[in-house]
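**Student:** Quick one, fold the following:
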Amino acid sequence: MSTSQPSESPVFACDLAVFDLAELKEHRDNVRSLAAALKDARLETPTRLVVELPDEAGVVRQALDFAMRERRCCSFFQFRLEIGELMGTHRLVVDVPEGGEGILSQAREEFAKGSLPT
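**Tutor:** Sure thing, here's the model as predicted:
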């Protein structure tokens, strides 16, 4: 007779301790700058956040930097940067596994305010 163990739910919590103070300041400054430049940030589904970016190379680089840093402290996020047609809209798509809807919604709200949770 076998007994099955309940599967552990993934933990959805950011670990800002992965950054030293200078890196954390850079990350927060980047988020504020990126948030000021973005066209829109909306939940496309409960587990997908879509951030629309203007057609500016500097903003697209900031989005890539954001995704690379964010993966360090929030490894449950999956990022995809979509580059649209010339003069088109570019998108940063952020997905979370099922169960992470709350933290994704919080991230959208924080991003809209131009901040990060502390």
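**Student:** Can you list the buried residues in stretch 45-57?
**Tutor:** Buried residues in stretch 45-57, counted by 16 or more other CB atoms under 10 Å: 47-51, 53. In short, each C-beta sits where N, CA and C put it, glycine included.
**Student:** Which one of these is nearest to residue 73?
**Tutor:** Nearest to residue 73 out of the buried residues of stretch 45-57 is residue 49 (CB to CB; 16.1 Å).
**Student:** Show the contacting residues for that closest one.
**Tutor:** 41-43, 93-95, 104, 107-108, 111 (CB atoms under 8 Å, 6 or more residues apart in numbering).
**Student:** is it true that it lies in a strand?
**Tutor:** Yes - counting by DSSP: H, G, I helix; E, B strand; the rest coil, one finds residue 49 located in a strand.
**Student:** for the residue sitting nearest the centre point of the chain, what are its contacts?
**Tutor:** Central residue of the chain (CA atoms, centre = their mean): residue 94, 5.5 Å from the mean position. Contacts here follow CB under 8 Å, 6+ apart; on that basis residue 94 touches 48-51, 67, 77-79, 104, 107.
**Student:** elements contacting the lowest-mean-pLDDT helix or strand in the chain?
**Tutor:** Within the chain, no helix or strand scores below helix 101-113, which has a mean of 84 by mean pLDDT, DSSP states H and E. Counting contacts by 3 or more CB pairs under 8 Å, 6 or more residues apart in numbering; DSSP states H and E, helix 101-113 packs against helix 21-37, strand 40-45, strand 48-53.
**Student:** Neighbours of residue 111, how many?
**Tutor:** Neighbours of residue 111 under the rule other CB atoms under 10 Å: 21.
**Student:** for it, what are its contacts?
**Tutor:** Contacts for residue 111 (CB under 8 Å, 6+ apart) come out as 31, 34-35, 38, 41, 49, 51.
**Student:** hmm, 10 Å instead?
**Tutor:** By CB atoms under 10 Å, 6 or more residues apart in numbering, the residues touching residue 111 are 31-32, 34-35, 38, 41, 49, 51, 66, 92, 94.
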